[in-house]
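Chemist: A predicted structure for the sequence below; I have some questions about it.
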Amino acid sequence: MTPLWTSDAIATATGGLASGAFAVDGVTFDSREVGPRDLFVALSGEATDGHRFVDQAVQRGASGFLVSESIDAPNVQVVDTMAGLTALAVAARARTSAKIIGVTGSVGKTGVKEAIRLALTRAMPDRVHASVKSYNNHTGVPLSLARMPADTRAGVFEMGMNHAGELAALTRLVRPHIAVVTAIASAHREFFASEEAIADAKGEIFAGLEPGGVAIVPFDSPHRDRLIGHARDHAARIVTFGLGEGADVRATAFTHHPDCTTATATIGEHRLMFRIGMAGAHWLSNALAVLAAVDAAGGDLALAGLALAELTELPGRGARFAVLRDEGTATVIDESYNANPASMAAALGVLGGVKPAGQGRRIAVLGEMRELGDGSDGFHAGLAAAVEAAGVDRAILVGDAMAALADALPRRITTTRAADATDAFAILDKALAANDVVLIKGSNSVGLGSLVARLRKAAA
């Protein structure tokens, strides 16, 4: 098999000096993720220095290293390893003839990225590359690019930001042929004066479009025209998706079910009936963005529809599992990966669509939403309407910022405050009973993923 990188290719790309010949099949900067025949990039940061973990990476089977100091292992030495990783990403992008799709948005970008990957993989098995997890920042995007094999036919890359200008830098690395904005919402509002400013920052993705590129924009967004304005100077074609009449990719009929959505959509001159394996109105919007991207890439829409039906397990983004209780099971909806006002309301909508069996209750474990700035109290209190509409019987609210929501909830909802994820688990574990349905969602830094992990140990 052709290796991902040889030492000569790494040295050429980075301007570094190779200690000797070696070849690698993977790239990582996390010593805990190192596998046989990986390249370990020893990044140096404020918290730690990757060079401290070279011995651990050797023991785990690394075949080569990108370093900025001398080590006793096969390596390419550069002046700066972060710059070296970025150079490797640029070289990976330059050597491929793949169709490249970039995805951003305030909500939904990881799910859309995964769905596009699955849709294209059905037609091109083993030839589609995508960023893993949510590797979407200034280190994750270069790493994802550096991992892309030269013979890739389609690459799907997620790009995120929490400050203006960050997306512009990432899109210049990715250089997408197709750029998708999923939705605009008040995420990272602490760093932006308005939601319009967030739309402007997301619109930076279009500046990286390759000649002849396609911009994909949410038709129903109040910021649609603003995004189109950013795309107009860079895209050869602008495609909109949504429910409104006039959208280029439009759902003409749909039905939301407790665990899925069925829909009919028009995509240009095509008409497709399909099922989405994930529940919620937000997933209908995500699916339309996926179909728009697949169509722009020249993919098979029928296969994309099949892939959407199979999209049922996204940990942290709607995956469900059953937990054993004394006289049966409770259902957990794992939405623990991050939160902002829009995604929180969407997740609560999914909870409201599930009718517990017997005497079961709807329980919401909600962690505070961070980086919302001066409007934090208002955003948190504003969730009260969604909590009530979801028919929540008990709310477990995690973090100081959730005080505003606690004050806004009606007395009929049993509300408990929790200091942190450990405290929340103790409260939930004591309260959870057979037939209950529990939603878990909060900002990443609240750590509700650890609560989900503990619950999974009791999975049925």
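Modeler: Done, it's in. Numbering: from 1, shown residues only.

Chemist: Could you use CA atoms for every contact and neighbour count after this?
Modeler: Fine.

Chemist: quick one, what contacts Arg362?
Modeler: If a contact means CA atoms under 8 Å, 6 or more residues apart in numbering, then Arg362 has Leu351, Gly352, Pro356, Gly391, Val392, Asp393, Arg394, Asp436, Val437, Val438, Leu439 as its contacts.

Chemist: Check what pLDDT the residue nearest to the fourth one when sequence neighbours are not counted gets.
Modeler: Excluding the flanking residues, the one nearest Gly391 by CA to CA, 6 or more residues apart in numbering is Gly352, at 5.9 Å. Gly352 is assigned a predicted lDDT (pLDDT) of 96.

Chemist: residue contacts, Gly352?
Modeler: Arg362, Ala389, Ala390, Gly391, Val392.

Chemist: Could you count how many residues lie near Ala21?
Modeler: 12 (other CA atoms under 10 Å).

Chemist: For Gln77, see how far away it is.
Modeler: 13 Å (CA to CA, to the nearest Å).

Chemist: Same check on Gly213?
Modeler: On the measure of CA to CA, Gly213 and Gln77 end up 37 Å apart.

Chemist: show me what contacts the spatially most central residue of the chain?
Modeler: Compute the mean C-alpha point of the chain, and by CA atoms, centre = their mean the closest residue is Thr110, 2.3 Å away. Counting by CA under 8 Å, 6+ apart, Thr110 makes contact with Lys133, Ser134, Glu158.

Chemist: Quick one: which of these is the most crowded by neighbours?
Modeler: Glu158 (30 neighbours).

Chemist: pLDDT weak spots in the stretch 351-460 of the chain?
Modeler: 460 (pLDDT under 70).

Chemist: list the contacts for Leu4?
Modeler: Ala23, Val24, Asp25, Gly26, Arg147, Met148, Pro149, Ala150.

Chemist: of all the contacts of Thr110, which comes closest to Ala459?
Modeler: Lys133 (22.7 Å; CA to CA).

Chemist: Mind listing what's buried along stretch 270-289?
Modeler: Using 16 or more other CA atoms under 10 Å as the test for burial, stretch 270-289 gives 271-272, 274-289.

Chemist: repeat for stretch 246-253
Modeler: Buried residues in stretch 246-253 (16+ other CA under 10 Å): Ala247, Asp248, Val249, Arg250, Ala251.

Chemist: same question, stretch 289-309
Modeler: Those would be 289-297, 299, 301, 303-309, for stretch 289-309 by 16+ other CA under 10 Å.

Chemist: Between the two ends of that stretch, what distance do you get?
Modeler: 15 Å.

Chemist: Equivalent analysis for stretch 254-270, please.
Modeler: 17 Å.

Chemist: And the contacts of that stretch?
Modeler: With CA under 8 Å, 6+ apart, stretch 254-270 has contacts from 248-253, 271-281, 284, 288, 291-292, 295, 350, 353-355.

Chemist: Distance-wise, check the closest residue to Ser450 other than its chain neighbours relative to Thr48.
Modeler: By the measure of CA to CA, 6+ apart, the closest residue to Ser450 outside its immediate chain neighbours is Ala421, 7.2 Å from it. Going from Ala421 to Thr48 by CA to CA gives 26 Å.
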